[in-house]
Structures are given as structure tokens and as C-alpha cells.
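Novice: Quick one, what's the 3D model for this:
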Amino acid sequence: MSGYVNRGTKPYDAVFKGILDSKIDLVTSVPCINLKELIHMVETSNDIIHVPVSREEEGVGICAGAYMGFKRTAILMQNSGLGNSINALASLNLLYGIPLLMIVSHRGTDEETISAQIPMGDLTPKLLDTIGIPYFITDSVIEVHDIIVDAWEKAELMRKPVAVLLPISFWRSI
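Specialist: Next up is the predicted model:
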């Protein structure tokens, strides 16, 4: 484990360390309560260019262009916005072989208190399977660093987006 994370590490600290150790240097983000602290860390980092966006497909497009400019890219988003980005992911990233690390706050899973989030929570893995985007799901703060590093390596090797789905239980872990 190249990025050992201590047991008391906060979820967003472990994710941020994974992003840094993957040498991601441009991140787009869409607001999400679970990603709030992580977005702040990215925004204030001297090692990462942060581009906040209002829609997920906009973030996918910016990341694709940045990758063409030799940047390593990631998007921080909630799974409810996955539907917004499907066309951009399929007709841009998948068609042209553009890697992208997708760090996804996976709402609608166990412990979800907002019933409107549940349908998309159930559909998220199926949508990713349907369009051929590999994904990892973890609620382990201890494992997330290495999963993020592995996901970026897989994205580069396969020349396609790879998603890391982080359910509610991940964000509530200690």
C-alpha cells in the first residue's frame, strides 16, 4: 500500500491524498454536500487547478480538453448527475480514448434519507456497466487511497473513464 492511511483519517483527507498521489493536476467539480470538504481542499491546493462547473457534462468536456493539453484530470460529482454526463462520456471520452477519474458521491444507497435519491442510487452501477465504464465501490477510508490510484492507472491504461463510487457510509466513516 503506497498511500497508507491511518485509521482515524477523515474520508475527504484519504480521497485527497489519492488524488495527489495519482498526480491529478486538474479537477472539475459539481457541488455536493458530501464532497464539500474535498472540493475545498482541491480549490485551495497549490498542486491542482480547480474548475467548478454547474453541470457534469461541462466538467467532462473541460477535463477532456485539459487531457489533450497533457493534464491528468478528475471530476468530483454526485451520481444523480451521471445522467447529465452520459452523452459527453460516450461521445467524447469513450469515442476518443480519453481517460478520466470520476470520484462520485453515490447517493441513494443504504442510509439514504432522501427517497428521491434512491432510484438513481440503484441505477448508477447499471448505467456505468451499460456504457462500459469500469468502477470501484468502497466505503473504506483505509482502502480508498489505493483504489483511487488504481482507478487512475486503469483509466490511463484502458484510455477511458473509471469511476470510484463512494456511498453515504463512506462519508460517515471515521
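Novice: what comes up buried for stretch 118-137?
Specialist: For stretch 118-137, the neighbour count (16 or more other C-beta atoms under 10 Å) marks 120-121, 124, 127-128, 133, 135-137 as buried. All C-beta spots, glycine's among them, are computed from the backbone N, C-alpha and C.
Novice: go on, stretch 49-60?
Specialist: With burial defined by 16+ other C-beta under 10 Å, the residues of stretch 49-60 counted as buried are 50-51, 53, 56-60.
Novice: which residues touch that stretch?
Specialist: Stretch 49-60 is contacted from outside by 25-31, 39, 42-43, 62, 66, 71, 75, 77, 81-82, 84-85, 87-89, 92-93, 100, using C-beta atoms under 8 Å, 6 or more residues apart in numbering.
Novice: Next: stretch 166-174.
Specialist: Under the criterion C-beta under 8 Å, 6+ apart, residues 8, 11, 15, 34, 103-107, 109-112, 137-141, 144 lie in contact with stretch 166-174.
Novice: Can you tell me how far the most far-flung residue of the chain relative to its centre is from I168?
Specialist: Outermost residue of the chain with respect to the C-alpha centroid, by C-alpha atoms, centre = their mean, is S115; its distance is 22.8 Å. S115 sits 14 Å away from I168, going by C-beta to C-beta, to the nearest Å.
Novice: swap in G59?
Specialist: Distance from G59 to I168, counting by C-beta to C-beta: 22 Å.
Novice: tell me the secondary structure for T109?
Specialist: Secondary structure state of T109, per DSSP: H, G, I helix; E, B strand; the rest coil, is coil.
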